[in-house]
Structures are given as C-alpha cells and as structure tokens.
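Asks: Just a sequence and a predicted model for now, questions to come.
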Amino acid sequence: MAALLQSIEVPVASLRAAQPLLKNQRLSSLASISLQSSKPFQPLTLKSHVSTTISRNSRRVGCRAAAGESGAKKASLSERRPEEVSVAVVGPTGYIGKFVTRELIKRGYKVTAVARERSGIGGKKSAEETALELEGATVLFADVTSEEALTRALDGTPVDVIVSCLASRTGGIKDSWLIDYTATKNSLEAGKKAGATHFVLLSAICVQRPLLEFQRAKLKFENELQADPAVTHSIVRPTAFFKSLGGQVESVKGGGPYVMFGDGQLCACKPISEADLASFIADCVQDPGKANKVLPIGGPGEALTPLQQGQMLFEVVGKDPKFIKVPIGVMDFVIGVLDLLAKAFTSLEDAAEFGKIGRYYAAESMLVWDEQRQRYDADATPSYGKDTLREFFEKVVRDGMEGQELGDQAVFK
C-alpha cells in the first residue's frame, strides 16, 4: 500500500490543476427568506432597505407582482423589458451561480434565488449571509433534491424563466446523479408549475464525449429537456473555467515546477472567466436566437495547451520555465489499482471516479468535438467575452486565489 501511495503522489499537483470545475448546491432546508432592496429596474419593490423574514413552510414572503398580470396577455419573453421578466436561479451560491445571479440583478430582472440554507464551501455561510450576498434578489431556501419541497418553495412566486447553475460539487457517482440529474430535473418540473416557459441550463462541453458519471447524468437531463414540449431551452456548454487552471499559480510563484501530462499538448481549451460566462448565460434569458439550441462557449483568443498555459504563467511571474512531464500511463496505473480495490471495497468507488476525472481532463480537450473527423476543433469553438487567462494569472499572482478556492471540488485534500 505504501508503494501505491507513493505512485499517487507524483500526479497529485497535476490532478488538482487539471480537474474540472464541479459545482453544486447540496441539500437545503425548507426555510425561506425574502430579501428586497432598492433597485433602479424594480419599481414594484415596496421597501428601500434590506429586510429578512424567515418562514418555516418554505413559502416566499414578499410582495412582488408581475407587471401586466391583471388579465392582459403577456408579451413574449423577447418583447418584454427586463423588469417585466421573473427569473428563478437554482444554484445561485456556486462558483458561477453567484455571478449569474448578480448579472441578472444588474440587468434589471426580477430575480428569485433558490439556495441551500447553509451555502458556500463546507456550508459555512448562514441563510442570513447568503441573503446579504445576493442582495437585490428574493432568496428562498429549499431542498432541490425534493421536487415537492422545491415546488412548495416557489408556490406564489411568478416565474418566467428558470436558470439552473446546479452541478455536483465533487463529481462522485451518487452525488452526480442526485444533483446533475435529479435536482436539475426537479428544478424544471417545479419551474413549470410556477409558470416558467424557458429553461437555461449551465452544462459542460465535456458531455459531448461522456465517459464519467457526472457527464452521463448531465447528458440524460439535457436529452429530456430538449424533448420537453412545455418549455423552450438554452443549453450552455462552457469550456474550462479560469479557476480550474489556477491550481499551480502559487507553486510556480514560489519557484516550483509546472506539472503537466505527456508533452503538455495532449489537450487544449479556450478558458472563460466567470463574469463573461455569467453575461452569456444572462443573454440566453431573452435572446430568441439562443432558444432551443445547444451553445458551446469559450473565452476570447486562441485555444491553449497546458504547455502554453505553463509558459504564460512563468512569463507572468518572471521566472525561467521548469516543467515536470508526467507520463499519462502513471494515471492509468493508479486508476486501474483503484478500480480493482473498488470492486472489493465499495467505499473506494468515488476515489476511482475522481481518478478518472483527473485523467479525462489531463487528456481530453475542452473544445467542440467534430464527430465526422473524430477530433477536437478549436475553430468551431465559439469565443465570447473580454477577460483573458493572462489577466487572470496576473491577478492571482498579485492578489492570491481568494474567491477561487477549490474547496469541496478538490479531488485530493
């Protein structure tokens, strides 16, 4: 066993760097909070200060009527002003979810955020802290893994659009199906009961070649969403997030090497910032050109390999490049051992899955897959936004990774 542990040590840093951004909201309580604050595009808000009310029956407490609901037929989503559109966000406290929620509020939408009562890494944030963090939205707390609880929480809340930013926090087998499929499905069903006619889904570009459980769970829901005649949809499949590429910044800054698999050119991506992705997702709420489509999306600029990312990082920190190139076969060996052990000890199933996740992101590009040519196509991967990876590296070198912590998403701790 000691020899096995030693064999795992070599790729650990690389696994951290290569692992995907996996976010989700875990089980919540059946409490609800109504938070309302003054906002330029919300004339129907009755209070100009933050007020918090707890209700144990998971019902929304607040006074927000949808504009023009007194008998007149509503205009289509694309024809309405943002302040006339009610958007419910599930998973609003995750890495991307909080940026999406703030962007929607900034644009003037009537936003309801459905979160866990204790959110953040390790559930450290209280309901009151979450409500203040999402100021400008009506904040509800509910167990998203229960359709009944979620329906009860949204009862009395007009909803035009559901935006789902739910995702498994770790990528574990059971958690993936519970969050990436069941909880997301519950959001769709509860949203429809509340009146939603459009569903915006934050998915992932890697589902186009599903080899992992979280990918299969996401893809199953995608297929069901596309087949649902009751709603239109926008399925957003982003490439790598900046956060998932920042795991080695502190090590390199301190004089350490940059660890990569193979020759560093096994895979490539067009990383996108959380702010740019949030803006694109907000675009999907009312843009008819993005309805009923699967939308792969990357950040600006050319696709970058791990080798190019490492070279860029050394330039930013002002040090001579030093690389450690780990043979991909090392990961295959570790995964093989974990798979073997998992057959005898079911408690190791997730450990084996985590190894497969690391291996996938070390070897598979986060770009559009060309099925006909059987290869990834950087040119076919759309670019969006203005934030660059170099700017992200510069900020992290200067300010650290605060707000970018992997937390529960870390495969190895």
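Replies: Good, I have the coordinates. Numbering: from 1, shown residues only.
Asks: what pLDDT, on average, does stretch 215-225 get?
Replies: For stretch 215-225, mean pLDDT rounds to 98.
Asks: That one: how far from the chain's middle?
Replies: Computed by CA atoms, centre = their mean, to the nearest Å, the chain-centroid distance of stretch 215-225 equals 15 Å.
Asks: For that stretch, list the C-alpha coordinates in PDB.
Replies: Extracted C-alpha coordinates of stretch 215-225, given in PDB (Å, rounded to 0.1, in the frame of the first residue of the first chain):
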ATOM      1  CA  GLN A 215     -21.300  13.700 -17.700                       C
ATOM      2  CA  ARG A 216     -23.800  10.900 -18.200                       C
ATOM      3  CA  ALA A 217     -26.100  12.500 -15.600                       C
ATOM      4  CA  LYS A 218     -25.900  15.900 -17.300                       C
ATOM      5  CA  LEU A 219     -26.500  14.400 -20.700                       C
ATOM      6  CA  LYS A 220     -29.500  12.500 -19.600                       C
ATOM      7  CA  PHE A 221     -31.100  15.700 -18.400                       C
ATOM      8  CA  GLU A 222     -30.100  17.600 -21.500                       C
ATOM      9  CA  ASN A 223     -31.900  15.000 -23.600                       C
ATOM     10  CA  GLU A 224     -35.100  15.100 -21.500                       C
ATOM     11  CA  LEU A 225     -35.100  18.900 -21.500                       C
END
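Asks: who's in contact with it?
Replies: Stretch 215-225 is contacted from outside by 167-168, 176-177, 179-181, 184-185, 188, 199, 201, 203-204, 206-207, 209-210, 231, 233, 235, 294, using CB atoms under 8 Å, 6 or more residues apart in numbering. The C-beta positions use only the backbone N, C-alpha and C, and glycine is treated the same way.
Asks: Name the residues of that stretch that are buried.
Replies: Neighbour-count burial for stretch 215-225 flags 215-222, 225 (criterion: 16 or more other CB atoms under 10 Å).
Asks: Which of these fall in helices?
Replies: 215-222, 225 (DSSP state H).
Asks: can I get the residues you listed in TSV with distance to residue 243?
Replies: Shown next, in TSV, are those (distance: CB to CB, whole Å):
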residue	distance to residue 243
215	19
216	24
217	21
218	19
219	23
220	26
221	23
222	23
225	26
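Asks: And residue 291, how close does it get to residue 104?
Replies: The gap separating residue 291 from residue 104 is 17 Å, by CB to CB, to the nearest Å.
Asks: nope, residue 77 is what I was after
Replies: Separation of residue 77 from residue 104 (CB to CB): 14 Å.
Asks: higher neighbour count, residue 291 and residue 104?
Replies: Applying other CB atoms under 10 Å to residue 291 and residue 104 shows that residue 104 carries more neighbours, namely 26 against 15.
Asks: lowest-pLDDT helix or strand in the protein?
Replies: strand 54-55 (a mean of 34; mean pLDDT, DSSP states H and E).
Asks: Just after it, pick out the following helix or strand.
Replies: Per DSSP states H and E, the first helix or strand lying C-terminal to strand 54-55 is strand 86-90.
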